[in-house]
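*Asks:* Starting from these lines, generate the structure:
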Amino acid sequence: MTKTALVVGVTGIQGSATAERLVAEGWTVHGLARKPQPQDGVTLVAADLLQPDTLAQALDGLRPDAVFLTTWLRQASEAENIRVNAAMLRNLFEALRPARSVRHVGLVTGLKHYLGPFEAYGKGSLPKTPFREEQGRLDEANFYYAQEDEVVAAAARDGFTWSIHRPHTVIGKAVGNAMNMGTTLAVYAAICRETGRPFRFPGSQVQWDGLTDMTDARQLAAHLVWAEATPAAANEDFNVVNGDVFRWNWMWSRIAEWFGLEAAPFDGTEMPLEAQMRDDAPVWRQIAEREGLAEPDLSRLASPWHTDADLGRPIEVVTDMSKSRRMGFAGYQPTDDAFFDLFARLRADRLIPAG
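*Replies:* Next up is the predicted model:
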C-alpha cells in the first residue's frame, strides 16, 4: 500500500528535497508551510504551526504514516528560539493526535547540537572532532535539544518511532531560506563577476586550512527515508554528511573555476560576506533586471550571516557517520559535485545569470 507523508517546512532546502525524494519513491506527499509553493507531486497544506486552531483545521482528515520535520523559526535570543520552536512541535503533534495515524517522525536539526546555539556558537568547551552521536549534549540551552525533547515526549505518549538527523551545512535550492550557503556563494560569485571585485574567501584561517564536510539536501532526504524504513534506526540519533572531506583552500578554487573566476589569494584576513555584500542589493537588482532573473531581491537568495558563521569558525569541523554506515546506509555525494549541481539548477531556474 502507498504510504502517506507530511513534510513540515516543505518550501525550504531540506523539506523540498525530502518531498521530491518521497514522491520519486511512490509516497503520497503532503507539504506544510506558511506560504507553500507548488511542487510536483505534492499536495500543499498552508498552515502556521504557531496558530493551533487553524493548524488543526488545516490538518483535519489528513492521516500521515510518517512526518518529516524540516522547519524552525529564528528568534532574537536562544530562550525565544526554545520557546517558539518547541511550541511549534507541540502544536503539530496535538493537531495530528486525533487521527492516530503517525508511525514515525523524522526530525532534522544539525551540528549546532555539538557546536552550540547561535549565542555561543563554536565557543567554550566543545567536543572533539570528528563529532559522534555518543558525545551527547553541551551544557548550553539549545533549541535543537528542546525540539528533540518534544519529539521524544510525543512518541512516548502517542506510540510512534522517531529518528533525529544532524546534517552539516546543507547544499540545496530554496528561495527565502535563512541558511543557504550554496546560493549565497553563487550570488556572491555573480556579483564579483559583474563588479570586477576579487572573489575572496571570507572566513578564518582555520576553515581555509582545516578539514570539513557538508551535506547535500538529496543525501539528507535519502537518509530520512532510509531511517523510516529501517527498524534498527528507530529511536536513534544520526549524523548525516556527504561522506567526503575537503579543505576550503581547495574548494574555493573549484567554485571560482565553475564561475569563470580566479580565486583571490587568501592572507588569513577575515572579510565577512555580511560586510562585503552590505550594499549589493542595488547591484543584484540591476543584474536581475538585465538578465531577466526570477528573483531580484538579494535578501531572498543570500544569507551572508549564516555563511559567515560557518566559514568563520575557529575550529575544524568533521562529522563521523559510522553509526549510519553500520546500520546499512550507503549514500555518498561528492561535495564539489553537490555545489556544481546546485549552481547548474540555479542557472536553469533563472536565479543566477547564465554565464
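*Asks:* Provide the backbone phi and psi angles at the residue nearest to Glu291 when sequence neighbours are not counted.
*Replies:* Spatial nearest neighbour of Glu291, chain neighbours left out: Pro353 (4.7 Å); criterion: C-beta to C-beta, 6 or more residues apart in numbering. In this view, the C-beta of every residue, glycine as well, is placed from N, C-alpha and C. The phi/psi pair for Pro353 (degrees, to the nearest 10) reads phi -60, psi 150.
*Asks:* Which element, helix or strand, includes the residue lying closest to Leu92 once chain neighbours are set aside?
*Replies:* Of all residues not flanking Leu92 in the chain, Leu49 sits nearest, at 5.7 Å (C-beta to C-beta, 6+ apart). For Leu49, there is no enclosing helix or strand under DSSP states H and E.
*Asks:* Please look at Leu49 and Trp72 and confirm they touch.
*Replies:* No - contact criterion C-beta atoms under 8 Å: Leu49 and Trp72 do not qualify, at 9.9 Å.
*Asks:* any shared contact partners between those two?
*Replies:* Common contacts of Leu49 and Trp72 (C-beta atoms under 8 Å, 6 or more residues apart in numbering): Met88.
*Asks:* buried ones in the helix ranked longest in the chain?
*Replies:* When the chain is parsed with DSSP state H, its longest helix is helix 78-96. By neighbour count with 16 or more other C-beta atoms under 10 Å, helix 78-96 contains the buried residues 78, 81-82, 84-89, 91-93, 95-96.
*Asks:* Identify the residues contacting it?
*Replies:* 6, 8, 49-52, 55-56, 58-59, 62, 64, 67, 69, 71-75, 102, 117-119, 141-143, 146-147, 149-151, 154, 158.
*Asks:* try stretch 315-329
*Replies:* Residues contacting stretch 315-329 (C-beta under 8 Å, 6+ apart): 111, 115, 122, 126, 129-133, 166, 168, 206-207, 210-213, 222-223, 226, 230, 232-233, 236, 238-241, 243, 245.
*Asks:* let's see 6 Å
*Replies:* For stretch 315-329, contacts defined as C-beta atoms under 6 Å, 6 or more residues apart in numbering pick out 122, 129-133, 168, 210-213, 226, 232-233, 238-239, 241, 245.
*Asks:* cool, stretch 345-355 as well?
*Replies:* Residues outside stretch 345-355 that contact it (C-beta under 6 Å, 6+ apart) are Lys173, Ala186, Ala190, Glu291, Leu293, Ala294, Glu295.
*Asks:* got JSON lines for those residues, with distance to Thr43 too?
*Replies:* Listed next are those as JSON lines, based on distance: C-beta to C-beta, whole Å:
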{"residue": "Lys173", "distance to Thr43": "21"}
{"residue": "Ala186", "distance to Thr43": "31"}
{"residue": "Ala190", "distance to Thr43": "35"}
{"residue": "Glu291", "distance to Thr43": "34"}
{"residue": "Leu293", "distance to Thr43": "29"}
{"residue": "Ala294", "distance to Thr43": "24"}
{"residue": "Glu295", "distance to Thr43": "25"}
